[in-house]
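Peer 1: sequence below, structure please.
(2 chains)
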Amino acid sequence: MKGTNDIPQAPAQQSETPTHTPTPTATLTPTPTSTHTPTSTATNTPTSTATNTPAASETPTSIPPTVTNTTTPAPTATLTPTPSPTPVGHPGLPSLEVIVYNRLAYGPRPGDLDAFRALAGATPADKLNTWLNQQLNPRSIDDSDCTGRVGAHALPTQAFIDNVGTLPGGTTVTVPPAGPNKRFLPVINNGPAAGLTADSMLASHWINYRRRPGRTGQYAENRPVMDVRISTLLRAVYSKRQLYEVMVEFWHNHFSIYAWEGYAPVTWQHYDTWVIRKNALGNFRVFLEDVAKSPAMLYYLDNYLNTRAGPNENWARELFELHGFGAENYAGVLPQDQVPGFPAEPTKYVDEDVYESTRCFTGWSINDVWGSDSNPNSWGNGTFRYFDAEHDRFQKRVMGQNIAPDGSPLVDGLTVLDIIANHPGTARYIARRMCMRLIGDGVDEATVQSVADVFYANRMAPDQIAKTVRAVVTSTAFLNTYADKIKRPWEAMIGGLRASNAQLNLKPVLVNNPNNGGVYWDDEQDIFWNYESMGMPVFGRRSPDGWPDKRDNWSGTTSMLFRWKTMYWMVSAGTDSRRTDIRTDFIGPTNSGVGSKTAANIVDFWINRILGRAMPADARQGLVEYLANGNLTQPLSLSDEGVQDRLALTVSLILSSPEFNWR
Amino acid sequence: MSNQLQLSRRQFMVGCSAAIAAMAGSRISQMAIAAPDGPDANTYESVIVVFLRGGLDGLNAVLPIGGVDRGNYETWRPTLKVPVSGGLNGNAINLGTANTLNGTTFGLHPGMAAFKELYDAGALAIVHAAGLVDDTRSHFDAMQFMETATPGLKTTSTGWLTRHLNTAPNITGPVFMPALSAGSSPAMSLLGREDLVTMNGATGFDIGESWNTTGTGQRKTVLRRMYAGQSWLQVAGRETLDAFDVVESALKSYTPSPGANYQQYNGFHDQLKTIAQIVKANLGLRTATIDYGGWDTHESQQFGNNDPRGQYFNNLDTISRGLQAFYNDLAATGHHTRATVVVMSEFGRRVRENGNIGTDHGHGNVMFVLGGSVNGRKVYGNWPGLSNAQLYDQADLAITTDYRTVLAEILTKRAGNPNITGANGVFPGYTHPGDLGIVR
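Peer 2: Numbers count the residues shown, from 1 in each chain, chains lettered A, B, ... in the order given. I've put the predicted structure just below:
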């Protein structure tokens, strides 16, 4: 298998820059009686609809040539600290590769920092440009090591996704027939070619959840989300496409869904692969539409229930407030026509816009027909379905724009998405969120606006998000900011696993327990169980706003204490011969990397290996004294079990340090 | 103040056994100067804030059962109305005609039977048509505005409980744990409070067990050296190490009082139990926050017409039983007279039900105040009515009591803080219209 096929892409992204000619709405017309999603899901061009979008008048020349991947100039910003007063106790600005690997990646693995230093380029900023050119084209990076590791885990609902179209002869996904003790999950055969699509994968999960053939296993419907959780962890740790993984996390958090109850688990492979990963560096308008049509979001925010007879505003409100405009562009109960800029371009949205948009999305639902066991084809397959009969057909007014009555199917909702994606307020909000994630808590407004300008100018570009990320990373603020934030729990754990070069084996095992659910997949949950004590369970945010991204939220006593405890647990698991999920070698690297094995030399070796920079003298001395255990002068014997224990715990303490946790 | 409080946590170690102090390392014993608070019953008030995240449907928690608004209520909520009689699984619990507000009498949702007992015991007061005076229907804006208590202003960097702790004139001596967020992340109402402790419970609040050759104490010593600097992260690390010392010394185990029927395997009940434990341990707890989510009932709020059971019922049952256990726990040892609980949510829900047996975001809401010094068995407030013309934005229950009015009375009368209004007070920009008489 190759390592380049696990990033799904929209056809438009592979082929060409979308034109500014609206796609004929006829291609969006669903067949109301169809049991399958309208083929409109394949026509994810940014201008998929609506002749009345602001975007339609844009010309390609409005896209600044300087932000394309090949012609981007090296950043001109210097590495001189900003003139603003340095906060008390601030650790100072480290070398650029330390910043890059702690903010645009999940921390360095051994060798990463040296590899960055060896990149083409005269200055660190030049090297960053080289690095970005690779990272923003993730398919150009050979990631076969990571893909191989994910594949070796044989995740029951995941493995075939990575292998689609890559195995000789293709991959067949079949569903076990209904019956006692038959799990609902697809099984993998190397049979004749069978193209797996987003819909077919979703359908295979959905129908087995809905019909629940022989459903007795306690983990049955959670299996897909458990598999995504494992593959996400493996990719964060091992993938060379680090910036891509960081942005996948960013967008999962931006379009946050609680994945562990109701319908969500069976939709999760689809949501992760065909919504989030597909668009993570793509076009925001395309992204919005994929989210809006995804069964995961349709259920999570109740739009599957939104009909003209029973409107439900949950989705429309969060689409405006969390996904698009952001609350910073919300003006409450103000009447629409009193918003500044109305009607040409209202600067803010109001409740009336939410209500009108709720009407626009009536009928956007799921194919969830309840069938009969005698006819397997009679069941809905969980894919997007538009019910025209439940759509509010009359005219609406959203953000000053009149939407005519009796519009073609889907057009009302797609117009709302156009309005959101083409508004400068959205650009500012997305830019601010990205700056907050990739730079720091208090990014200046000028930087945010300059990033927003790139987002806005490229709103028709297939790589709009990649260009926006580049704008963030090449800003002066990015280069001159460090230690404004702390690693969030996920970054801390992944960073620890990367820095210690831990070898993970989280393979699910097939259990046959007639007293507890018959045959089902179980897996090693310790790593997640321990991790969750830090307060940021994977795909586990209950509310739709995603995890908070300010340092105050992650430097409380629970967050601090349990990140120390997690590092302790991580190294103890890594040296416990009875454990198979995490293996970590502390002896080998010490043997090969340290000359005279005094406590001081060993500590300095591991500090440099993990942090890439020095620690304050007294902190280092504390580590040396701890490892030395009284022997400060003579070489330590690495065959001594006591020394081995202390060495592992010394590493865990370095992983618990402020220097490790800064970002 | 923070440095003093931080110091006081270490001073606490003096009051502990010599063995514990030795285990905690030499730095602590060096810094030890004063004795901790005496072992007497608490001489200070603990204010506990329960925040129901997601927007509690207060109009179904405390609902009209008599008067003209019973008719309006049934019109707005043909499916969701809580029946007065003949319900499939419970009816409204009558609070009595003594509590008529503007001609409307009220009942409790059948999921809150435990609250009726507290109400009858005089420990529970209800304030209706209260809330945040701001136009937002956003969860996240509303929560932020309520917890920073500066409606409409997003730049406030401190929570209202933080400002209370910073301005209360009676928090002077050594205090080991002035503020707790029960849970894994800090409540925004305690934003900016460095010595805040966030904790689900004392069990497991540690840095991992010792191995045979390596003491926990030695690892703590290294952590203290690494977190010795003045950066914000190092300050946070030191606060954490100090909190760990206190928890390790004072909160090892806990047995609730008889009659405190906390439910097992219930996170909310476990967190309440932890708060009770800390109150009784006399660590100086002035404020604690605890969250309970699951109130964003856009759909399937209950089973259906005439049957109030469902998710919303279960949530009400969980919070009312938990708070009853908590109250009984404190009352058994006489701590209930110095503990006041206030229950609030970011907004109420739309008066008219939606098409999915649910309700969308609204405005005015109900608040509850519980404690041994509460003038309970009473519904407070000014009922604005449910006719179309009486609704806020023609859609929601209007707000006639600013939620800060309730909090201000508790802070002044119970917690002894007169610094409520004014630019440097707990509620800048707020004018207190006078107490409602909710607490003694």
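Peer 1: which residues touch A:Q503?
Peer 2: Residues counted as contacts of A:Q503 (C-beta atoms under 8 Å, 6 or more residues apart in numbering or on different chains) are A:582-584. All C-beta spots, glycine's among them, are computed from the backbone N, C-alpha and C.
Peer 1: which among those residues end up buried?
Peer 2: A:582-584 (16 or more other C-beta atoms under 10 Å in any protein chain shown).
Peer 1: tell me where chain B has strands.
Peer 2: B:46-52, B:62-66, B:93-94, B:105-108, B:124-131, B:179-182, B:197-199, B:287-292, B:339-345, B:365-371, B:378-380, B:401-402 (DSSP state E).
Peer 1: then the stretch 551-663 of chain A?
Peer 2: A:582-583 (DSSP state E, counting those that start in this stretch).
Peer 1: who in it is up against chain B?
Peer 2: Applying C-beta under 8 Å from any C-beta of the partner chain, we find that the stretch 551-663 of chain A lies next to chain B at A:551-562, A:564-565, A:568-569, A:572, A:615-616, A:618-619, A:621-623, A:626, A:629, A:641-642, A:645-646, A:649, A:653, A:656-658, A:661-662.
Peer 1: max-length helix in chain B?
Peer 2: When chain B is parsed with DSSP state H, its longest helix is helix B:311-331.
Peer 1: check which helices and strands it sits against.
Peer 2: If you count contacts as 3 or more C-beta pairs under 8 Å, 6 or more residues apart in numbering or on different chains; DSSP states H and E, helix B:311-331 packs onto strand B:46-52, helix B:113-120, helix B:267-280, strand B:287-292, strand B:339-345, strand B:365-371.
Peer 1: and stretch A:466-484, is it in reach of chain B?
Peer 2: Yes: Stretch A:466-484 lies within reach of chain B by C-beta under 8 Å from any C-beta, at A:A483.
Peer 1: now stretch A:103-112
Peer 2: No: counting by C-beta under 8 Å from any C-beta, chain B has no neighbours in stretch A:103-112; the shortest distance is 15.3 Å.
Peer 1: quick revisit: please convert the helices and strands packed on helix B:311-331 to TSV, extending it with mean neighbour count and distance to chain A.
Peer 2: Formatted as TSV, the helices and strands packed on helix B:311-331 follow (neighbours: other C-beta atoms under 10 Å in any protein chain shown; distance: least, C-beta to the nearest C-beta, whole Å):
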stretch	mean neighbour count	distance to chain A
strand B:46-52	24	13
helix B:113-120	20	24
helix B:267-280	23	12
strand B:287-292	25	10
strand B:339-345	25	13
strand B:365-371	27	17
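Peer 1: reformat these as JSON lines; add mean pLDDT.
Peer 2: Formatted as JSON lines, the helices and strands packed on helix B:311-331 follow (pLDDT from 0 to 100):
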{"stretch": "strand B:46-52", "mean pLDDT": "98"}
{"stretch": "helix B:113-120", "mean pLDDT": "97"}
{"stretch": "helix B:267-280", "mean pLDDT": "96"}
{"stretch": "strand B:287-292", "mean pLDDT": "97"}
{"stretch": "strand B:339-345", "mean pLDDT": "98"}
{"stretch": "strand B:365-371", "mean pLDDT": "98"}
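Peer 1: okay, the ones you listed in CSV with distance to A:D604 next?
Peer 2: Shown next, in CSV, are the helices and strands packed on helix B:311-331 (distance: least, C-beta to C-beta, whole Å):
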stretch, distance to A:D604
strand B:46-52, 48
helix B:113-120, 61
helix B:267-280, 42
strand B:287-292, 44
strand B:339-345, 53
strand B:365-371, 57
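Peer 1: and stretch A:127-145, what's buried?
Peer 2: By neighbour count on 16+ other C-beta under 10 Å, the buried set for stretch A:127-145 is A:127-129, A:131-133, A:135-136, A:138, A:141, A:143.
Peer 1: what subset of the residues of the stretch 551-663 of chain A next to chain B is buried?
Peer 2: Buried among those by 16+ other C-beta under 10 Å: A:551-562, A:564-565, A:568-569, A:572, A:615-616, A:619, A:621-623, A:626, A:629, A:645-646, A:649, A:653, A:656-658, A:661-662.
Peer 1: how many residues are close by A:W370?
Peer 2: Around A:W370 there are 9 other residues, counting by other C-beta atoms under 10 Å in any protein chain shown.
Peer 1: so it: helix, strand or coil?
Peer 2: coil (DSSP: H, G, I helix; E, B strand; the rest coil).
Peer 1: by proximity to chain A, which residue of chain B wins?
Peer 2: B:G355 (1.4 Å; C-beta to the nearest C-beta).
Peer 1: test my guess that that residue contacts A:E313.
Peer 2: No: assessed by C-beta atoms under 8 Å, B:G355 is found out of contact with A:E313, at 10.8 Å.
Peer 1: which of the two has more residues huddled nearby?
Peer 2: The neighbour count for B:G355 versus A:E313, taken as other C-beta under 10 Å, is higher for A:E313 (26 against 15).
Peer 1: what sits against the more buried one?
Peer 2: If you count contacts by C-beta under 8 Å, 6+ apart, A:E313 has them with A:306, A:354-355, A:358, B:298, B:354, B:360-361.
Peer 1: could those residues be laid out in JSON lines, adding pLDDT?
Peer 2: Output for the contacts of A:E313, formatted as JSON lines (pLDDT from 0 to 100):
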{"residue": "A:N306", "pLDDT": "96"}
{"residue": "A:V354", "pLDDT": "97"}
{"residue": "A:Y355", "pLDDT": "97"}
{"residue": "A:T358", "pLDDT": "98"}
{"residue": "B:H298", "pLDDT": "94"}
{"residue": "B:N354", "pLDDT": "93"}
{"residue": "B:D360", "pLDDT": "95"}
{"residue": "B:H361", "pLDDT": "95"}
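Peer 1: count the neighbours of A:M247 for me.
Peer 2: Neighbours of A:M247 (other C-beta under 10 Å): 27.
Peer 1: any idea which helix or strand of the chain has the worst average confidence?
Peer 2: Defaulting to chain A. Of all helical and strand segments in chain A, the minimum by mean pLDDT, DSSP states H and E falls on strand A:187-189, at a mean of 33.
Peer 1: try chain B instead
Peer 2: Result, chain B / mean pLDDT, DSSP H and E: helix B:26-31, a mean of 28.
Peer 1: wait, A:I486 sits on A:R663?
Peer 2: Yes: contact criterion C-beta under 8 Å: A:I486 and A:R663 qualify, at 6.7 Å.
Peer 1: low-confidence stretches in the chain?
Peer 2: All of this refers to chain A. Scanning chain A for pLDDT under 70 picks out A:1-86, A:156-198, A:200-201, A:204, A:207-220, A:373, A:376-377, A:509-525.
Peer 1: if you could check chain B rather than the one you did, that'd help
Peer 2: For chain B, the ranges with pLDDT under 70 are B:1-41, B:173, B:210-214.
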